[in-house]
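[1] Predicted model, plus sequence, below.
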Amino acid sequence: MIPQTIPALFLSAVETYDKPDAFLHKKEGRYVSVSHSDALGAVRKATCGLLALGLVKGDRVALLSENRLEWMIADMAILSAGCVNVPIYPTLPPNQAEYLLSDAEVRAIFVSGPAQFAKIAPLRARLPNLQHVFSFDSIAGGMDASTLDQLMRRGDAIENPSVFDDRVEKIAGSDWASVIYTSGTTGDPKGAVLTHANFVSNVLGSTETFHIDSNDCCLSFLPLSHALERTGGYYAPLSKGATIAYAESFNTVAENLREVRPTFFISVPRFFEKIYERINDRIAAGPHVQKKLFSWAVRAGKTYTRQSLDKRVSATTRLNRLAADWLVSRKLREHLGGRIRFCVSGGAPLSRDIAEFFWAVGLPLLEGYGTTEASPVLSLNTLKAFRFGSVGKPLAGVEIRIAGDGEILARGPNIMHGYFKRPDLTAEVIRDGWYHTGDIGHIDPDGYIVITDRKKDLIVTSGGKNVAPQLIERVLKTSDFIAEVVILGDKRRFISAIIVPDFKRLDDFAAAAGISYGTHAELVRHPAVIKRIEEEVKKKGGQLAGFERVRKFILRDRAFSVEEGDLTPTLKVRRRVVEKKLAKDIDALYTE
């Protein structure tokens, strides 16, 4: 019988596989295994603990933590209690976390430890709905928070062992499972309401599209608050009995890959870009012979990949590939554990050069496409159906069509219930049963989806972070020194900006500092001026999340104008016009 809810999917996996190493996590410097049955025992206790505290079906419970085994236990307990998980990125600053907790009317929250609790503690007086705080790690002095262990002991004290089973049986596929907040183009996050059926349908479609079994092992390091990791790196492998290992942190992924030796993992383009850059830097610093051998091996791998996709591999190509693999590629793969069958890239567009390189060295890199509102996968390249430059074919059960203006529309059981408390925004994106993605693209004659542009202003960095430019622009323009700003960074490694200074304030600063200049073009190039604006950008950026902060900027020597085509008649900045005019300067920001 096909599970209809996430807890049912979990129980089915426990019954079917009951592996001793269902989960791996680092403890006292080494990876230790946790069995399916032990994980279920913890989930049962935590679920009953929540019920004993009076949480009821539909209550929102937040989860503010880095990836770890306890994230899974808390998530499964929340869902098994009939509650709704509201995941929060652990990197979010307190003011943004407060917005989510308030908007979702969160009643309880799980935090990883003292650092995350410190964000929440000052907010509690302003969050009347928040009644319970649970911490995975102990917090000195109690600090008005219970530990997960204490919650589990409370649940274990319930005399009736059927409490858990009775609650899980009453959960329906149409019930809400999660409210995941995604940045809106206006800067205010909106909560995508995803049901159990949304997630389960996406899990079934994903596992039907590419093969995973109980022999596989997935390393989890993309934040579980990210819908892609939640479905692809957690629910999907769980449903097939694959082992899930948790990285200690993003900084230890390279080490953890070698320790765990996973067969697949999911990440964003920036992670693969870093690997690519590191390999090339190492080769560039080596002897000439090594460079020549490496270049030949990559060319041989690319030729083999190209001919394989065309299903016409020559004998010479096979021999060259075997030699290249033995001499070069297998050594590179060992740095990732040596057992990788495939990697999945999502969250932002992937460079074709990067994809071709990974395939060439025997690490198939599969690019997919989706949005939080789609639970999140809409399409995916597979090992058997792959095309460079595309995001693959629609997932099983998902329909894709192209609107008259080129916008990609989607329909299927994975499309969200709607935006939390925002029927107006829901009506904007779901019309006549079709979800309007805001992306522009086409479907090629063989059914592969190709994304060509973005209809929305929303920026997606190469690290997969959704960034609302208007929010950052509003924050920076609170500086007396900044008159106008345009935020950049779509498909780039970090956020940058084009800044128009307040020239009255800048002139006063120059006079006080004894700076002589003839024109504003000279003034904005002066080191003291650049440093002063940099100080303002850093100061104002303190209230933003790390991935939202401006790392580099261009100082413009004049204001935007309607006459030059920079502004619309209603005085809105024409972003693409401005970016096109300054394309060379912008590119220089990312190549320096």
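    It's in. Computed from a predicted model, the values in this text were never measured in an experiment.

[2] Can you pull out the residues in contact with stretch 293-308?
    For stretch 293-308, the external contacting residues (CB atoms under 8 Å, 6 or more residues apart in numbering) are 283, 313-314, 317-318, 320-321, 323-325, 327-329, 356-357, 359-362. Backbone N, C-alpha and C define where each C-beta goes, glycine included.

[3] So which of the residues you listed belong to helices?
    I283, T317, R318, N320, R321, A323, A324, E356, F357, W359, A360 (DSSP state H).

[4] Compute the number of surrounding residues for the second one.
    Spelled out, that is T317. For T317, the neighbour count with other CB atoms under 10 Å is 18.

[5] hang on, the earlier thing: how about the ones in helices among the contacts of stretch 293-308, which pair is most distant?
    I283 and R318 (24.6 Å; CB to CB).

[6] Quick check on the contacts of stretch 293-308: which are buried?
    Among the contacts of stretch 293-308, the ones that count as buried by 16 or more other CB atoms under 10 Å are 283, 313, 317, 320-321, 324-325, 328-329, 356-357, 359-362.

[7] L523: what's it in contact with?
    Going by CB under 8 Å, 6+ apart, the list of residues near L523 reads L506, D507, A510, I515, Y517, V529, D557.

[8] could the residues you listed go into TSV alongside distance to V450?
    Converted to TSV, the contacts of L523 look like this (distance: CB to CB, whole Å):
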residue	distance to V450
L506	45
D507	50
A510	50
I515	51
Y517	49
V529	44
D557	39
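
[9] Go ahead and build a PyMOL selection from the buried members of those.
    Buried residues among the contacts of L523 (16+ other CB under 10 Å), as a PyMOL selection:
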select buried, resi 506+510+515+529
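
[10] quick one: which of the contacts of L523 is nearest to L383?
    D557 (52.4 Å).

[11] rewinding a little: out of the contacts of L523, what pair is the most spread apart?
    I515 and D557 (14.7 Å).

[12] So which of the contacts of L523 are in helices?
    Those of the contacts of L523 lying in helices (DSSP H): L506, D507, A510, V529.

[13] May I have the secondary structure class of L224?
    coil (DSSP: H, G, I helix; E, B strand; the rest coil).

[14] Use 218 as the first number from now on
    Okay, using 218 as the starting number, the last item reads as L441.

[15] doesn't Y451 make contact with it?
    Yes: if you go by CB atoms under 8 Å, L441 and Y451 touch, sitting 6.3 Å apart.

[16] And the longest helix anywhere in the chain, how far out from the chain middle?
    Under DSSP H, the helix in the chain containing the largest number of residues is helix 505-526. Using CA atoms, centre = their mean, to the nearest Å, the mean C-alpha position of helix 505-526 is found 31 Å from that of the whole chain.

[17] picking up where we left off before, nearest to R793, of the contacts of L740?
    D774 (21.0 Å).

[18] ok, and the closest non-adjacent residue to that closest one?
    Leaving aside its sequence neighbours, D774 sits nearest to A738 (CB to CB, 6 or more residues apart in numbering; 4.1 Å).

[19] and the one you found, how many residues sit next to it?
    12.

[20] And D383, by the same measure?
    10.

[21] Next up, identify which helix or strand it is on.
    According to DSSP states H and E, D383 maps onto helix 380-386.

[22] Using neighbour counts, pick out the buried residues of that helix.
    Quick answer for helix 380-386 (16+ other CB under 10 Å): V380, F381, R384, V385.

[23] low-confidence ranges in this protein?
    358-360, 400-404, 779, 785-789, 809 (pLDDT under 70).

[24] Could you rerun that using 50?
    Across the chain, the ranges flagged by pLDDT under 50 are 402-403, 786-787.

[25] how's it carved up into domains?
    487-671, 685-808 (automatic domain parsing).

[26] Turn those domains into a markdown table, including distance to V470.
    Shown next, in a markdown table, are those (distance: least, CB to CB, whole Å):
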| stretch | distance to V470 |
| --- | --- |
| domain 487-671 | 8 |
| domain 685-808 | 17 |
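
[27] for these, which one sits closest to T308?
    When the domains of the chain are ranked by distance to T308, counting by CB to CB, first place goes to domain 685-808 at 5.5 Å.

[28] Now do stretch 480-490: distance to the chain's middle.
    That offset, for stretch 480-490, works out to 11 Å (CA atoms, centre = their mean).

[29] Now do it: everything it contacts.
    429, 432-439, 445-446, 449-450, 459, 470, 474, 556-568, 571, 575, 582, 678-681, 710.

[30] Now with 7 Å, please.
    433-436, 439, 445-446, 449-450, 556-568, 571, 575, 582, 679-681, 710 (CB atoms under 7 Å, 6 or more residues apart in numbering).

[31] before we move on, what about stretch 454-474?
    226-227, 230, 233-234, 236, 238-243, 248, 283-286, 420, 424, 429-431, 433-438, 451, 477, 479, 553-554.

[32] switch to 6 Å and redo it
    The contact list for stretch 454-474, computed with CB atoms under 6 Å, 6 or more residues apart in numbering, reads 226, 230, 234, 238, 240-243, 284-286, 420, 424, 429-431, 433-438, 477, 553-554.

[33] Name the residues of the host helix or strand of G266 that are buried.
    Following DSSP H and E, one finds G266 within helix 253-269. Neighbour-count burial for helix 253-269 flags 253, 256-257, 259-268 (criterion: 16+ other CB under 10 Å).

[34] by contact count, what packs against it?
    For helix 253-269, the packing partners by 3 or more CB pairs under 6 Å, 6 or more residues apart in numbering; DSSP states H and E come out as helix 286-297, helix 365-373, helix 380-386.
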